[in-house]
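# Fold the following and give me the result.
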Amino acid sequence: MSKVLRLRGLPFRATEEDIRSFFRSEAYNPEPFLNIVQIRIEMGADGRPSGEALAEFITEVEAERAMAFDKQMMGNRYVELRRAWRPSINPQIPVLSPAAAMPAPGGDGAEPPRKEKSRTRSRSPRRDRSRDRDRDRDRDRDR
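Here you go, the predicted structure:
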């Protein structure tokens, strides 16, 4: 098991101290506080907080106790907690979601080529009946 939890749904203005105080709430955790080694707030491509963070706890037991806070409110948003896929937070390695860390099909990390869509006209029976009815109406009108 990992001692790192992924937090999703954080308020975009949440700070590291806000996250620490979230885990200090006595309503969800009867013990005084959880030992958090470090917190890393993830940023989007535009440099703004993405609403996700990683929190590394001192032990796996502490991380398990922190799971009591899953789907609890922080401000006006509820925060989802999940076990992270990495064993610890290393500030030298950029944090990616597991889906973003997986290479695209083809293995080189590039986007696969897109197939051109052929645009064909729908030939549903309803449309054919409508077209036939219009043709017959026009033919009868011309007589």
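
# show me where the protein has helices.
Taking DSSP state H to define them, one finds helices in the chain at 16-22, 60-66, 98-101, 125-142.

# Return the member of the ones you listed having the minimum mean pLDDT.
Comparing mean pLDDT across the helices of the chain, the weakest is helix 98-101, with a mean of 42.

# Let me know the average pLDDT across stretch 77-89.
82.

# Make residue 1 into 332 and carry on from there
Let's use 332 as the start, then, which means that last one is stretch 408-420.

# which of the helices of the chain is buried the deepest?
Most buried of those, by mean neighbour count (mean count of other Cβ atoms under 10 Å): helix 391-397, with a mean of 17. Quick note: C-beta positions are derived from backbone N, CA and C, even for glycine.

# Which residues outside it are in contact with it?
332-336, 354, 360, 362, 365-367, 386, 388, 412, 414 (Cβ atoms under 8 Å, 6 or more residues apart in numbering).

# Closest to Arg472 out of the residues you listed?
Among the contacts of helix 391-397, Leu412 lies closest to Arg472 (Cβ to Cβ), at 71.0 Å.

# any idea how far the nearest residue to that closest one once chain neighbours are set aside is from Arg468?
Distances taken as Cβ to Cβ, 6 or more residues apart in numbering put Asp401 closest to Leu412, at 4.3 Å, once the chain neighbours are dropped. For Asp401, the distance to Arg468 equals 65 Å [Cβ to Cβ, to the nearest Å].
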